[in-house]
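Visitor: sequence and predicted model, in that order:
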Amino acid sequence: MTVRTRFAPSPTGYLHIGGARTALFCWLYARHHGGVFVLRIEDTDRERSTPEAVQAILDGMAWLDLKADEGPYYQTQRFDRYREVAQGLLAAGQAYHCFCSKDELDAMRKEQLARKEKPRYDGRCRNRREPVAGVNPVIRFKNPVDGQTVVEDAVKGRVIFDNHELDDLIIVRSDGNPTYNFCVVVDDMDMGITHVIRGDDHLNNTPRQMNILKALGATPPRYAHLPMILGPDGAKLSKRHGAVSVMQYREDGYLPEAVLNYLVRLGWSHGDQEVFSREEMVTLFDIEDVNKSASAINPQKLLWLNQHYIKNGGLPRLAAELQWHLERLGVETSKGPALTALVKAQQERAKTFKEMAEGSRFFFEEIRAYEHEAAAKNLTEEAVPGLRKLRDGLAELQEWSAASIHSLLIATAESLGLKLGKLAQPMRVAMTGGTVSPPIDATLELLGKERTLRRLDQALAHIDAGGA
RNA sequence: GCUCCCUUCGUCUAGAGGCCUAGGACGGAGCCCUCUCAAGGCUUAAACACCGGUUCGAAUCCGGUAGGGAGCGCCA
């Protein structure tokens, strides 16, 4: 039997980090077993579902490269099918019409709560023969009243529910539309889903779904309920935690492989290994190895992984990403060094592409102002002799390469009895306007001779003008 | 309130009765390297929620307690 998993988000918002992890595990499990990964959009709540949210989910998955092998299926396009199945249940006496009003239901709940009982529908319409005039009934599933339903969960283990804890849930609303728990069941059955991997907030729904499946004559799939993902503070994930949408991570300068690698280690591990390529994830991942307990997001570790992928990624790939971010900053990338060379110079000092792009602006844009403290400390009269001598040397330099620039720098500093830092740091401020850049020789090489000399003159003039 | 789930360093985790004086990673601290920022190298602090039981022996098994979480909708 081929494994078939599904990711079934409801399009009421963006693809957040928790959803992304669920999608990843579903995808990994399918890939690992040579199975099929199905995408299903659960949009039965027409009030809250939007096409923008559908697109956002698709975009998020595309960015993470979690391609669905089938779908997306839309539940709103399958309403006829749900109604058909509900009618079948009705005809078989496994479901019934319920005419209870909302007020009646509310009153019932209140009483039960007052008696310190779990609120549940008492099944009073189970044996009603006559319809109530003027009331459009809902359809309820006739849940078994005794016995137990056992969920053999791949991550939580054996979980036992007494059927009398479960009540007769509504499967079709009074307006004729099917409800969530029912659609899920019909879909999982129709789509031949063999493994339902989802958040553990659904664990309590599982016995109800299994009972409906059994009533339908279907074999329940294998279930795996993933622990929740919490915010950095250990509280439930929310907007207040910043990057809730996976696409926000792109904006913030993260690579999808870093996000994926971070996510796969939340609730899953393989010994002491921290870094996993996509291929390794696929071969090593197993749902049986997933943890039971919730985990908090650790932004520092994500940052570290991102840095790892920046340091070790392929240049063309990284250059494309840098270009995307530079363009976001409004930088004209054609007016500067080749981006692959730039990435090579910057990849050791950036944790994110956002950071790298911001730290690379000076390669493309003129220096309009020096950082105050940096200039005050480095662009001083004291630095002038060194800068002048270096300017002469650079102007005559035949081969404009980091290596030759480096030699010139050493020689210049030596001849003036200066420590390298006394020369390099003023140069850095002159070239970048600030104090941070790649090694100065590499920076000059990337800047090019003309720009270097121009900026050196600009700095000298600045000092000459009294640092104003 | 009821049902269900969870509990190893700050965080992610290893651990499936003796290999544990509990390992790794991020983060922290210190040192080294150094033209800045980084990167890198080395060192270091830091945890089995609690109480009982089983056992020659428990982080690992059992029971309870506490603390977190989820569900209990004509939401998904």
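Guide: Okay, I see it. Numbers count the residues shown, from 1 in each chain, chains lettered A, B, ... in the order given.
Visitor: any idea how far stretch A:260-277 is from the chain center?
Guide: In terms of CA atoms, centre = their mean, to the nearest Å, the centre of stretch A:260-277 is found 15 Å from the chain centre.
Visitor: the stretch 1-150 of chain A: helices as residue ranges?
Guide: A:17-32, A:51-63, A:79-91, A:102-114 (DSSP state H, counting those that start in this stretch).
Visitor: let me see the mean pLDDT of the last one.
Guide: Read that as helix A:102-114. Mean pLDDT, helix A:102-114: 87.
Visitor: now do the second one
Guide: Averaged over helix A:51-63, pLDDT sits at 94.
Visitor: please apply the same query to the longest one.
Guide: Helix A:17-32 shows a mean pLDDT of 96 in the predicted model.
Visitor: that one close to RNA strand B?
Guide: No. In terms of CB under 7 Å from any atom of the strand, no part of helix A:17-32 sits within range of RNA strand B; the closest distance is 9.8 Å. C-beta: built from backbone N, CA, C; applies to glycine.
Visitor: now for that helix, which elements pack on it?
Guide: Counting contacts by 3 or more CB pairs under 8 Å, 6 or more residues apart in numbering; DSSP states H and E, helix A:17-32 packs against strand A:4-7, strand A:36-41, helix A:51-63, strand A:195-199, strand A:222-226, strand A:229-230, helix A:256-264, helix A:278-284.
Visitor: tell me if the worst-scoring helix or strand of chain A on mean pLDDT is near RNA strand B.
Guide: Every helix and strand in chain A was compared by mean pLDDT, DSSP states H and E; the lowest is helix A:102-114, with a mean of 87. Yes. Helix A:102-114 lies within reach of RNA strand B by CB under 7 Å from any atom of the strand, at A:102, A:105, A:109, A:113.
Visitor: just give me the neighbour total for the third one.
Guide: Put plainly, it is A:Arg109. Taking other CB atoms under 10 Å as the criterion, the count of residues near A:Arg109 is 15.
Visitor: the residue lying closest to it once chain neighbours are set aside and RNA strand B, how far apart?
Guide: Using CB to CB, 6 or more residues apart in numbering and skipping the chain neighbours, the partner closest in space to A:Arg109 is A:Pro119 (4.3 Å). Using CB to the nearest atom of the strand, to the nearest Å, one gets 5 Å for the distance from A:Pro119 to RNA strand B.
Visitor: swap in A:Arg140?
Guide: 9 Å.
Visitor: give the full set of residues in contact with that residue.
Guide: With contacts defined as CB atoms under 8 Å, 6 or more residues apart in numbering, A:Arg140 is in contact with A:95-98, A:121, A:125, A:168-171.
Visitor: go again using 10 Å as the cut-off
Guide: By CB atoms under 10 Å, 6 or more residues apart in numbering, the contact list for A:Arg140 reads A:89, A:95-98, A:100, A:121, A:123, A:125-126, A:167-172.
Visitor: same question for A:Ser415.
Guide: A:Ser415 neighbours (CB under 10 Å, 6+ apart): A:386, A:389, A:393.
Visitor: ok, and the most crowded of these?
Guide: A:Gly386 (20 neighbours).
Visitor: for it, which non-adjacent residue is closest in space?
Guide: In space, A:Gly386 is closest to A:Leu423, 4.7 Å off (CB to CB, 6+ apart).
Visitor: what about the one you found, how many residues nearby?
Guide: 23.
Visitor: thought it was touching A:Leu416?
Guide: Yes. Under the criterion of CB atoms under 10 Å, A:Leu423 makes contact with A:Leu416 at 7.8 Å.
Visitor: give me phi/psi at A:Tyr14?
Guide: A:Tyr14 adopts backbone torsions of phi -80, psi 170, taken as degrees, to the nearest 10.
Visitor: so what's it closest to, chain neighbours aside?
Guide: Leaving out its chain neighbours, A:Tyr14 is closest to A:Ser245 (CB to CB, 6+ apart), at 3.6 Å.
Visitor: I'd like the distance between that neighbour and A:Gly18.
Guide: For A:Ser245, the distance to A:Gly18 equals 11 Å [CB to CB, to the nearest Å].
Visitor: before we move on, what about A:His406?
Guide: Using CB to CB, we find A:His406 at a distance of 49 Å from A:Gly18.
Visitor: neighbour-wise, which of those two wins?
Guide: Applying other CB under 10 Å to A:His406 and A:Gly18 shows that A:Gly18 carries more neighbours, namely 20 against 17.
Visitor: coming back round to it: please, which helix or strand holds the residue nearest to A:Gly386?
Guide: helix A:420-432 (DSSP states H and E).
Visitor: next SSE downstream of that helix?
Guide: Where DSSP H and E defines the elements, the next helix or strand beyond helix A:420-432 is helix A:440-447.
Visitor: let me see the mean pLDDT of that following helix.
Guide: Mean pLDDT, computed over helix A:440-447, is 95.
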